[in-house]
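> need a structure here:
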Amino acid sequence: MQKPMNERATVRCLLAGGVVAIPTEGVWGLSASIAHLHAVQRILNVKRRAANKGLIVLVSEWSMVDHWIDPAWSREWPIESGRPATWVVPVSASCPAILTGGRQTLAVRRVTMRSLSRVVAQTGPLVSTSANRSGRPSSVSRYQVVLDFARTVDYIATGRTGGYQGPSMIKDLVTGQVLRGGHA
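Modelled structure (predicted):
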């Protein structure tokens, strides 16, 4: 039987500026604290991901990114039920371009998976992107993450994904348009 996530070790690594592989709601992700932008850049390098694609930011509370949200936008965050969705929102000029991919928007997901929410509450917002090389399928098991990333990340958490299939749905919060479909 697989152990639950070792939250203490995960938090310690993230606060020290490390890159971790961590189970999320539907797939395994590569994460770093947004307080350590050098670690965010390492994720892009490890994944071989183009910087202009932007990244998802995980929060435990929407207010964690209020300082980056465009003040002209009404900040009406969604009331969620069911599977968490990633929301694309307008940002101010103070939001780091490495997070947005140079766009005027940021992708944000409020995590509801208990262990992941506790980690984010302790570390602050985290960058998250699926644990795979760019263009390859997302990792859904710790075993696959170990095979692909054991030599390139600082820590691989224990635990399981939240049980959803595949990456989260991405929606534009202003228009409601679905930008990437999700799975149940």
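> the nearest residue to Val11 once chain neighbours are set aside: which element?
Residue nearest to Val11 in three dimensions, not counting chain neighbours: Gln122, with 4.8 Å by CB to CB, 6 or more residues apart in numbering. The C-beta positions use only the backbone N, C-alpha and C, and glycine is treated the same way. For Gln122, the host element (DSSP states H and E) is helix 114-123.
> name the residue closest to the centre of this protein, please.
The residue lying closest to the centre of the chain (CA atoms, centre = their mean) is Ser128, at 2.2 Å.
> after the helix or strand hosting it, which helix or strand is next?
Secondary structure assignment for Ser128, by DSSP H and E: strand 126-130. Following strand 126-130 in sequence order, the next helix or strand is helix 142-149 (DSSP H and E).
> pull out the buried positions in that next one.
Residues of helix 142-149 classed as buried under the neighbour-count rule (16 or more other CB atoms under 10 Å) are Arg142, Gln144, Val145, Asp148, Phe149.
> can you check stretch 105-118 too?
Thr105, Leu106, Ala107, Val108, Arg109, Arg110, Val111, Met113, Ser115, Leu116, Ser117, Arg118.
> one more: stretch 128-135?
Ser128, Thr129, Ser130, Ala131, Asn132.
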